[in-house]
Structures are given as structure tokens and as C-alpha cells.
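S.K.: With the input below, show me the fold.
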Amino acid sequence: MLGITFLAFAHLCLTCLLLHLLAAGWMPYEAFPHTQGDAADSRDLTAADARNRAHLLTSARFHFVMAALTFLTLRYFTTAPYGRHAGKTRLGWSYPARLAWLLQEVPTLLNVGYFILFEFPRQRSRWRRGWGDSETTGMRIGIEAVGRFQVSILLFVIHYAHRVLVYPLVVPPRASRVPVHVVWSATLYCLFNGRLQLLASLIPLRACRIWGLSGVEGGSLFHLGSFVSGLVRPSPPPASFAWSAPQGAPMGSPKSLFLGNAERVCCGVAFLIGMYLFFKGFLVNIRSDYYLTRLKRHSSEYQIPCGDWFERLSCPNFFGEMLEWTGYALVVGSCSFLTSGGGWGATPALAACSFTVYVFANLIPRGVAHHEWYLDKFGPAYAKLNRNAVLPGIL
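M.R.: Now for the predicted structure:
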């Protein structure tokens, strides 16, 4: 027990160190322009946004490459050795399942906490030295940091707060242990993807200034809920923001207003569909996971799951998670367009899409492996159920 405690503590310490290195050097974010105070003009903000976008775009492309390699590896070469496939590894060191889930998923939440509590305040203090104490209270700075996020970050936090704080508590104590190398591979991925999705959910600096976001040009905060209110705002934002006139159509012309309103409606529809898919998938995922954990509590042997989505799929929990992140990508795309304009908005959407593609690349091979495992273990009794592996009516 003491050895596991020390190993877990060392794991967390190293995770925090890697997070700092990731934010400071490998995937940096410029929260403020280099120019001091009110001297920051549009060129400074545009240049800072361009640097941030370049880092985000590079990371998103790398994520797509990771997705392709992950799919090929898990589909044709190996199955990740945890859960029912735990016997496929020969490495001796392992974590209890509950601890493994916590250690490997917590970097996603640490990314958000690190930005709010350390990264943003540190950059802010360098940018605005000399402010009075009333302007630099910890609470105010924290609110300013939260105000930099789009609504989409809430979905990311909701999912991983459940994974870190709730799900480990319902995992049966007798669940198969997870090899250390599997936990570390998941930890490194969550560190990278947590940072990537955090960057994708941050509002560009030029948009912050136009909206009067405190810390770029003093004023009211950009609340997470402002996206929804923006859908019904009667007048479009300034031309330099998202709704600049199309080429050949001056601002205020019927053509520009029609296209702006049409784009706004499309983004609103995409946002609502994305929210529905996310929470529908979240519900399917947790209901299926909890059902499987109840089966494991009541018996030491694996059983055929029945009822609900299990009547159609071998792995509805995987299907639910894929549905979740498809909805998340739609929400990020619509949020980033409404708060950023087409140029920047495409990059956060690409980053969110890379995550969705990775989820499919990771879970489809595992879902197929689970389905084949059920067929091998239960034979004709399972085959006659005519279930798909992970995608209804497709696979």
C-alpha cells in the first residue's frame, strides 16, 4: 500500500511538472499582447492571435497524426491491456483501477486550473505592473481568467469532472488492475489534449478588446453565457469582429445583413444540435458504464449485459462517448465562429474535430475487440443477439 501511495504521488508530481513545461514551452499561449497597457493596438493583438493560432494549428495537425497511428495500432497490432483485456500484458507494475482512472484523467482538469490560477495571473501581472491592490485581487483575476473562455469549455469540464471525481468511486474494488505504462500513456494524452482543448476554447485577443474584456481594454467581463445572448443581439458586432461584410458588400447593406443573420442562425442551430448530442451521449455513456459496474459488483464473472442500448450494441458506453465529442466539436465550431470570425474560428473547430477523430480512432478498435471477446466467451448465445459492436446499424 505504501509503495502504491508513493508511486501515485510521484505520478502526480511528474504530471504537474510536465504540465508546466507544456504550457511554458511546447504549447504556449499569449494571453496579453507584448505592448504595455493601453498602447496595445490592433496590430499587436492581431500578431499575438496569429502566434496563438499557429501553435493551435500545429498541435491539431499532430493530433490527427496521433489518431491515425492509434487506430492502426489498436486495430491491427494490439489491444490496450486493461479491463477484460488485462491479461494481455506481461509487465508487473500496475495501479488499482480506481486510482488509475483518477491519475490518468486528472490532467484535463489540471490544465484548466493551471491556466486560471497560475498562467493567466502571471502573464497579467507582467503586462500591467503598477495596478492598485483593488484591481489585482485574486478573485478578480480568477474571474477575468474564466471570462476568457467560450461556453464550450464547460462541456469539457463536465465530462472530465465526472471521470475524475465520480466515476472512480463507482468502479468495483475487484476491477482488474491497470498496468503503469497504460496509465502513463493515458496521462500523457490527457495532458496534451487537455491543453489543446483549453486553447481551442479561449477567446482571441482582438475579440476580447472589442467586447471590452477586462485585461485588454477595461470593461465588463465576457461571461460564458454571452454566447447564447449573442444569438439574439439585435445589432451585429463591429466590422473588425465576426460579422464583417462579405467581399463586395459594404457593411450595413441588405446583402451583408442577410448573410450575417443567416450565418448566425446556422451557428445557433449547430450550437443547439451540438449541445443535444453532447448531453445525449453523456447520458448514454454514464448509464451504460454504471450498468456494467453493477454487473461486476454482483458477480466476479462477466455476464451478457442486457437492456437499454445493450440490446443493439456491445459497447453503448463507447457509442455515447463518441456522440458526446461529436456534439462538442459542433459547439466549439459555432462558438469560435460567433466570437472570432471565420479566420480564427476555423482553427479551434479543427482542434475540437481532431479530438473527436481521436476518440473514434481509439474507441472503435476497442469496441470491436470487446465485441469479439463477447463472441469468444459466450459463443452462439451471444451471436444470436445480432448486436453491432459500437455503431448502431454500421459496425
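S.K.: how many neighbours does residue 52 have?
M.R.: Neighbour count of residue 52, defined by other CB atoms under 10 Å: 20. All C-beta atoms are positioned from the backbone trio N, CA, C, and that covers glycine.
S.K.: Then residue 290?
M.R.: 14.
S.K.: Helix, strand or coil: sort out it for me.
M.R.: Here residue 290 is helix, with the state taken from DSSP: H, G, I helix; E, B strand; the rest coil.
S.K.: pLDDT at it, what is it?
M.R.: Note on residue 290: pLDDT of 93.
S.K.: what's it in contact with, if anything?
M.R.: By CB atoms under 8 Å, 6 or more residues apart in numbering, the residues touching residue 290 are residue 170.
S.K.: Please enumerate the helices of the stretch 51-200 of the chain.
M.R.: In the stretch 51-200 of the chain, the helices defined using DSSP state H, counting those that start in this stretch lie at 97-114, 120-127, 138-147, 152-161, 167-170, 180-200.
S.K.: For residue 321, find the nearest of those.
M.R.: Judged by CB to CB, the one of these that comes nearest to residue 321 is helix 152-161, at 8.5 Å.
S.K.: List the buried residues in the closest one.
M.R.: 152, 153, 155, 156, 157, 159, 160 (16 or more other CB atoms under 10 Å).
S.K.: In CSV, list those residues along with pLDDT.
M.R.: Listed next are these as CSV, based on pLDDT from 0 to 100:
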residue, pLDDT
152, 90
153, 93
155, 96
156, 95
157, 96
159, 96
160, 97
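S.K.: Closest to residue 331 out of those?
M.R.: The closest of these, once distances to residue 331 are taken by CB to CB, is residue 152, at 4.8 Å.
S.K.: how far away is the closest one from residue 311?
M.R.: Distance, residue 152 to residue 311, using CB to CB, to the nearest Å: 33 Å.
S.K.: With residue 330 instead?
M.R.: For residue 330 relative to residue 311 (CB to CB), the value is 28 Å.
S.K.: the more surrounded of the two?
M.R.: Neighbour totals were compared for residue 330 and residue 311, and residue 330 leads with 26 against 12 (other CB under 10 Å).
S.K.: measure that one to residue 274 for me?
M.R.: 3 Å.
S.K.: Make CSV out of the helices of the stretch 51-200 of the chain and add distance to residue 65.
M.R.: Shown next, in CSV, are the helices of the stretch 51-200 of the chain (distance: least, CB to CB, whole Å):
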stretch, distance to residue 65
helix 97-114, 20
helix 120-127, 30
helix 138-147, 31
helix 152-161, 22
helix 167-170, 29
helix 180-200, 12
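S.K.: out of the ones you listed, nearest to residue 289?
M.R.: Nearest to residue 289 among the helices of the stretch 51-200 of the chain is helix 167-170; the distance by CB to CB comes to 6.9 Å.
S.K.: Quick one: list the elements packing against the closest one.
M.R.: Contacts defined by 3 or more CB pairs under 8 Å, 6 or more residues apart in numbering; DSSP states H and E place helix 167-170 against helix 97-114, helix 254-298.
S.K.: In terms of mean pLDDT, which of the ones you listed ranks lowest?
M.R.: Of all those, helix 254-298 has the smallest average pLDDT, which comes to a mean of 83.
S.K.: Could you check the angle that one makes with helix 152-161?
M.R.: Going by axes from the mean of the first three to the mean of the last three CA atoms, to 10 degrees, helix 254-298 is angled at 10 degrees with respect to helix 152-161.
S.K.: picking that back up, determine which stretch of the helices and strands packed on helix 167-170 is the most buried.
M.R.: helix 97-114 (a mean of 22; mean count of other CB atoms under 10 Å).
S.K.: Could you list every helix and strand that that helix packs against?
M.R.: Contacts defined by 3+ CB pairs under 8 Å, 6+ apart place helix 97-114 against helix 2-21, helix 152-161, helix 167-170, helix 180-200.
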